[in-house]
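Asker: output the structure for:
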Amino acid sequence: MAAIAAAGFLAHSQMSDEEESVASSSITQAESATSAEERIPLPGPVKLVWHRDPGEVHRVHSVERVTMDARPDTPEIPAQHQEGINESVYIHRVTETGDDGSVVVEMVEYDVDGSPTGVRRVMWVEPPGRITRVDEVRGDSDVSQRLFTETVAMALSGFPEGPILPGESWTQEIVNPRFPEARVVAVSTLERLEERAGRAVAVISREMNLEIPTAIPWPSMVDNDPSMHAEISGVRAHTTMESQLLLDGMVPLQEIYQVELESRAHVTGQTPDGPLDITGSVALRIEGEMNLIPGG
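Answerer: Numbers count the residues shown, from 1 in each chain. Here you go, the predicted structure:
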């Protein structure tokens, strides 16, 4: 459920220049939320089992701080720096379940004022909690971004087949059949088990490296202007994430993540002043946090 929004840098193609005070509180909630936890002594390894019931619904509050720096190769064109905050609420609803434990989850995004953003995704999850497919049913993001979203979600999901002890890790090498150019390696570690309000919580860290050597189109870079063409190449992305999940079902209580992405960009097209042909580098940084809304 949570991995797709943890790949949120692909879910939000536009950045808004909102006031810094809008979402500053959520990024540091983990410090106060973990002060009263206690370590749980373990008699042996534990099994991380992802489970959802038919019709199960969760509400998640998401905040992202996004920074982008673009540096054209041509000295006459100034570098660009953008900062923004994305804040939203996701409604996760289990719409289908299978006898093998597989589920289909629908995700609908809303602004914090309750109005829908028009973004809706459907996610297929197989045991043990591995995302195998993400479809963007509606939304304004382009195909390349949707494939990014799916690939990162696949990499940042799933648990070991067998029991595991705190401190042990597992590695996944992901190849998305719909995006074979991407090479992804993700390493996850069960850091510890804690007790919160009488329930066991698993703390899991994940680290992902993604490389895409080939050029891919990125229409939203030029606001989907049909007279312009944009693509990125040589993408290298590094993502770290810490998840706090209820052990009985692996429902995420909180996920904090950071993304560092570098690539080359090429923009061509026709402007009122004549033809345009620009190359340069793009660096993107995202700091995000997601929290399960109590009672949701």
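
Asker: any stretches of the protein with poor pLDDT?
Answerer: 1-44, 138-144, 224, 296 (pLDDT under 70).

Asker: buried residues in the helix or strand in which residue 108 is found?
Answerer: For residue 108, the enclosing helix or strand under DSSP states H and E is strand 103-110. Across strand 103-110, burial judged by 16 or more other Cβ atoms under 10 Å covers 103-109. For glycine as for every other residue, the C-beta is placed from the backbone atoms N, C-alpha and C.

Asker: same check on stretch 260-268?
Answerer: Here stretch 260-268 shows 261-263, 265-267 as buried, counting by 16+ other Cβ under 10 Å.

Asker: can you tell me which of those end up in helices?
Answerer: Of the buried residues of stretch 260-268, none are assigned to helices by DSSP state H.

Asker: re earlier: residues making contact with the strand holding residue 108?
Answerer: Residues outside strand 103-110 that contact it (Cβ atoms under 8 Å, 6 or more residues apart in numbering): 1, 4-5, 11, 52, 88-97, 116-117, 119-125.

Asker: try 6 Å
Answerer: 1, 52, 88-97, 116-117, 119-125 (Cβ atoms under 6 Å, 6 or more residues apart in numbering).

Asker: so how far is the strand ranked longest in the chain from its chain's centroid?
Answerer: The longest strand of the chain (DSSP state E) is strand 251-271. Chain-centre distance of strand 251-271: 10 Å, with Cα atoms, centre = their mean, to the nearest Å.

Asker: all helices of the chain, in order?
Answerer: 3-6, 29-33, 143-155.

Asker: from residue 76, how far out is the residue nearest to residue 146 when sequence neighbours are not counted?
Answerer: The shortest distance from residue 146 to any non-neighbouring residue, by Cβ to Cβ, 6 or more residues apart in numbering, is to residue 136 (4.6 Å). Shown here: residue 136 relative to residue 76, a distance of 38 Å by Cβ to Cβ, to the nearest Å.

Asker: which one of these two has more residues nearby?
Answerer: More neighbours surround residue 136 than the other of residue 136 and residue 76, with 20 against 5 (other Cβ atoms under 10 Å).

Asker: in the sheet, who's paired with that one?
Answerer: With beta bridges defined as DSSP bridges, residue 136 has these partners: residue 121.

Asker: do I have it right that the residue nearest to residue 146 meets residue 121?
Answerer: Yes. Residue 136 lies in contact with residue 121 (Cβ atoms under 6 Å); the separation is 5.4 Å.

Asker: burial count for the residue nearest to residue 128 when sequence neighbours are not counted?
Answerer: Among residues not flanking residue 128 along the chain, residue 159 sits closest, at 4.5 Å (Cβ to Cβ, 6+ apart). Neighbourhood size, residue 159 [other Cβ under 10 Å]: 21.

Asker: what does residue 159 show for phi and psi?
Answerer: Here is the backbone geometry of residue 159 (degrees, to the nearest 10): phi -140, psi 170.

Asker: give the contact list for it.
Answerer: Contacts of residue 159 by Cβ under 6 Å, 6+ apart are 48, 128-129.

Asker: residue 235: which of the residues you listed is nearest?
Answerer: residue 129 (26.4 Å; Cβ to Cβ).

Asker: residues contacting the closest one?
Answerer: Residue 129 neighbours (Cβ under 6 Å, 6+ apart): 50, 158-159, 250.

Asker: wait, residue 45 sits on residue 165?
Answerer: Yes. Residue 45 lies in contact with residue 165 (Cβ under 6 Å); the separation is 4.9 Å.

Asker: about what we covered before: direction included, what does the strand holding residue 108 pair against?
Answerer: When DSSP bridges is applied, strand 103-110 pairs with strand 80-97 (antiparallel), strand 116-126 (antiparallel).
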